[in-house]
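Undergrad: got a predicted model here, sequence first, then my questions.
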Amino acid sequence: MPLDTTDRRILNLLQEDGRMTNARLAEEVAISPSATLERVRRLERLRVILGYRAIANPETVDCGTSAFVAVSLAAHEKQALEVFESRVREFPEVTACYHVAGGMDFLLKVVVKDIPAYREFVVKRLSRLPNIGHVETSFVLDTVKETTALPIPEPEG
C-alpha cells in the first residue's frame, strides 16, 4: 500500500506525540479534521499504525538496569527455535527479542531492578530453558538515544 506525503506526515507527527488531538493533527497536515481522522483510521485498519503506548521512565518503576543479552542455542532445528521464542515471550523482563544472523542466534533486551535481579533472571529462568548454548551479557551504562519512532521517508518523486 503506497503512502502519500500526507500519510507519512501523519505517521511522523503521531510517532512524536501519540496523544496529539485530531484537530491539532489536522492543522499540522493542513487538511480537514474529518479527512485526518479518516486517514488515521485507515492507517490503523491497514496495520500501518499498530497501536499507541505510554512510555514509562524505567528509573521510577524499579527497572533501572538494562542489558543486551546475546543467546546462542545448542541446536537450530525449527522446533528448538520455536520453543525458545515461545518461552522468552513469557518473560516480562525481556522487552525485546530479535532472531539475528551472526555469531549468536538471539539478541534480547532485558530490563530489571538491579544486578542481583539480573543474576536471578539468568540463573533461575533464562539458563534453565532447554537448548541454551551460550549467553553473553552487555550492561547498559547510559542511554544515549532510544526511540520507537521509525525514520519514515518522504515518497520519491
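TA: Right, received. Where do you want to start? Numbering: from 1, shown residues only.
Undergrad: switch to C-alpha atoms for all contacts and neighbour counts from now on
TA: Will do.
Undergrad: wait, residue 73 sits on residue 134?
TA: Yes - using C-alpha atoms under 8 Å, residue 73 is in contact with residue 134, at 6.8 Å.
Undergrad: the two: who's more crowded?
TA: residue 73 (18 against 13; other C-alpha atoms under 10 Å).
Undergrad: for the residue of the chain most remote from its centre, which non-adjacent residue is spatially closest?
TA: For the chain, the largest distance from the centre (C-alpha atoms, centre = their mean) belongs to residue 32, which lies 32.1 Å off. Among residues not flanking residue 32 along the chain, residue 26 sits closest, at 5.8 Å (C-alpha to C-alpha, 6 or more residues apart in numbering).
Undergrad: likewise residue 13?
TA: Ranked by C-alpha to C-alpha, 6+ apart and with sequence neighbours excluded, the top spatial neighbour of residue 13 is residue 25, at 7.5 Å.
Undergrad: these two touch, right, that neighbour and residue 34?
TA: No - if you go by C-alpha under 8 Å, residue 25 and residue 34 don't touch, sitting 10.9 Å apart.
Undergrad: of these two, which one has the most company?
TA: The neighbour comparison of residue 25 against residue 34 (other C-alpha under 10 Å) goes to residue 25, with 22 against 12.
Undergrad: can you name the residues that contact the residue sitting nearest the centre point of the chain?
TA: The residue lying closest to the centre of the chain (C-alpha atoms, centre = their mean) is residue 96, at 5.7 Å. Counting by C-alpha atoms under 8 Å, 6 or more residues apart in numbering, residue 96 touches 108-110.
Undergrad: now the residue nearest to residue 13: how far from residue 153?
TA: 19 Å (C-alpha to C-alpha, to the nearest Å).
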